[in-house]
Each structure stands twice: as C-alpha cells, then as structure tokens.
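**Q** dropping a prediction and its sequence here:
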Amino acid sequence: MESHVPYYVHRVFEREVDLPPHAYLESVRIRQAQRLLAHGEPIAQVAAELGFSDQSHLTRRFTRLLGITLSHYLHSKMVRDIRAAHRAR
C-alpha cells in the first residue's frame, strides 16, 4: 500500500486544486515573478530567485502561462501603476 501513497496524494491534489502539483507550483512561481518584476527587480535575478534555470526559461514559462511576453507585461499600465505607488511611499 505504501508504494501507492504518492499516486493517491497526486490524484487528491489534482482533484482539489484542479491542477497537477507541478503545474500548480509553476503558477505560484509565475505569480511571484509578476510581483517581483512589477516592483522593479531585474529579470535575471527573479529567474534565479524563483528556481528557473535562466532568464529565457522564465520568459518561456511566463509567456506560456499568461499568454503575454515579459516585455508586454513590464510595459503594461498595471505595472506602471504598481511602480508609481511603490515610489510614492
């Protein structure tokens, strides 16, 4: 029975979260990347901090998950507003 426990946990997780564990973890990492990038952290530094192999790995995953490039995200009104609010503090 013990050898089946990881598979059971995986199935329960996927049923509850509606994503496999790896996809969920990647979505968490991308959301954290969005926050760090919006606050002006360099892309390469964010990639390293969040465990991506390099900047291009983060860029590919970001684009795949969100459907926009990092460049479009960084130049979006939302990011400009976040940065302005952060500077106003």
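**A** Received it, and whenever you're ready, just let me know what you need.

**Q** and residue 73, what element?
**A** Counting by DSSP states H and E, the element that carries residue 73 is helix 70-74.

**Q** contacts for the helix or strand just after that helix?
**A** Proceeding N to C from helix 70-74, the next assigned helix or strand is helix 77-88, under DSSP H and E. With CB atoms under 8 Å, 6 or more residues apart in numbering as the test, helix 77-88 has contacts from 37, 38, 39, 40, 73. The way it works is simple: take the backbone N, C-alpha and C, and place the C-beta from them, glycine included.

**Q** so which of those residues are in strands?
**A** Per DSSP state E, strands hold no members of these.

**Q** make JSON lines out of these and add pLDDT.
**A** JSON lines is the format used below for the contacts of helix 77-88 (pLDDT from 0 to 100):
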{"residue": "37", "pLDDT": "96"}
{"residue": "38", "pLDDT": "94"}
{"residue": "39", "pLDDT": "93"}
{"residue": "40", "pLDDT": "92"}
{"residue": "73", "pLDDT": "95"}
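
**Q** which among the residues you listed end up buried?
**A** Of the members of the contacts of helix 77-88, the ones counted as buried by neighbours, 16 or more other CB atoms under 10 Å, are 37, 38, 73.

**Q** what is the burial count for the residue nearest to the first one when sequence neighbours are not counted?
**A** It refers to residue 37. Of all residues not flanking residue 37 in the chain, residue 46 sits nearest, at 5.8 Å (CB to CB, 6 or more residues apart in numbering). Neighbourhood size, residue 46 [other CB atoms under 10 Å]: 22.

**Q** again, but for residue 80
**A** By other CB under 10 Å, neighbour count at residue 80 equals 12.

**Q** what's the longest helix anywhere in the chain in contact with?
**A** When the chain is parsed with DSSP state H, its longest helix is helix 21-38. Helix 21-38 has contacts (CB under 8 Å, 6+ apart) with 10, 13-14, 17, 19, 43, 46-47, 49-52, 58, 61-62, 65-66, 70, 73-74, 78-79, 82-83.

**Q** could you dump the contacts of helix 77-88 into a markdown table with distance to residue 87 added?
**A** Putting those into a markdown table (distance: CB to CB, whole Å) gives the following:
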| residue | distance to residue 87 |
| --- | --- |
| 37 | 16 |
| 38 | 12 |
| 39 | 10 |
| 40 | 9 |
| 73 | 19 |
